[in-house]
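Peer 1: fold the following and give me the result.
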Amino acid sequence: MSGIFLIAELDGAIGERIHAIQERFDPKLAAESPPHVTLIGSSGAGPIPVETSIELLRSAIEPVAAATPPLTLKFGPPMRFLQREIVVLPLDPHGPLRALHQRLKESGIPYAPARWPFTPHCTLSFYPTLSRETLKPLLALRESGIWTLRTLRVYLTREPQPPTLLFDAPLLG
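Peer 2: The predicted model follows:
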């Protein structure tokens, strides 16, 4: 899929642990990008058109990020995403994360319609077909660590090329 996406990459020890899980269960996903949560471009709001100027993106996203304090978040137990082969670590779709998502949606950036309601998550397994033998241990995993969302990252994606980082917007509120 091509478009511009706003994501929050998982850093530190929690990012390393989740990356190791991705490498074990979905090496292709692990090689594509670091573990992350998509805030604009998937659920709740679809991708931003590739022709959107960086100036418009900065003028809309940076004030929202500057007014938002870092968010302390905790993942729930793994689950199958919308009864598909995709397994994710979900985040609470309410509270401060929902408020940030909503402010970004209302910031003036254009975006395509979303295919699903806002369902923030970090994907553990996307590509392989999961057998009972691989699904059971994946769903049994637990990530008890706390993660702090400190920076929004804005990426341009034009498949099959690798994504290009356009800019970072730190949460400063």
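Peer 1: how about stretch 70-87: buried residues?
Peer 2: 71, 73, 75, 78, 79, 81, 86, 87 (16 or more other CB atoms under 10 Å). For the C-beta atoms, the positions are set from N, CA and C on the backbone; glycine is no exception.
Peer 1: ditto for stretch 125-142
Peer 2: Applying a neighbour-count criterion of 16+ other CB under 10 Å, the buried positions in stretch 125-142 are 125, 126, 130, 134, 135, 138, 141.
Peer 1: between the residues you listed, which is nearest residue 40?
Peer 2: Among the buried residues of stretch 125-142, residue 126 lies closest to residue 40 (CB to CB), at 18.8 Å.
Peer 1: so what's the residue count around the closest residue to that closest one other than its chain neighbours?
Peer 2: Among residues not flanking residue 126 along the chain, residue 29 sits closest, at 4.8 Å (CB to CB, 6 or more residues apart in numbering). The criterion is other CB atoms under 10 Å. On that basis, residue 29 has 19 neighbouring residues.
Peer 1: what of residue 25?
Peer 2: Close neighbours of residue 25, defined as other CB under 10 Å, add up to 22.
Peer 1: quick one: residues contacting it.
Peer 2: When the contact criterion is CB atoms under 8 Å, 6 or more residues apart in numbering, the partners of residue 25 are 87, 124, 125, 128, 134, 138.
Peer 1: turn these into a markdown table, including pLDDT, secondary structure and distance to residue 170.
Peer 2: Rendered in a markdown table, the data for these read as follows (pLDDT from 0 to 100; DSSP: H, G, I helix; E, B strand; the rest coil; distance: CB to CB, whole Å):
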| residue | pLDDT | secondary structure | distance to residue 170 |
| --- | --- | --- | --- |
| 87 | 95 | strand | 30 |
| 124 | 96 | strand | 27 |
| 125 | 94 | strand | 30 |
| 128 | 88 | coil | 35 |
| 134 | 88 | helix | 37 |
| 138 | 94 | helix | 33 |
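Peer 1: now the residues you listed as CSV including distance to residue 25?
Peer 2: Rendered in CSV, the data for those read as follows (distance: CB to CB, whole Å):
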residue, distance to residue 25
87, 8
124, 6
125, 5
128, 7
134, 6
138, 5
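Peer 1: flag the least confident of the buried residues of stretch 70-87.
Peer 2: Within the buried residues of stretch 70-87, pLDDT reaches its minimum at residue 81, with 80.
Peer 1: thinking again about what came up before, and the two most separated of the buried residues of stretch 125-142?
Peer 2: Largest separation among the buried residues of stretch 125-142 by CB to CB: 126 and 141, giving 15.6 Å.
Peer 1: how about residue 61, nearest residue that isn't a chain neighbour?
Peer 2: With CB to CB, 6+ apart, the residue lying closest to residue 61 is residue 169, at 5.1 Å.
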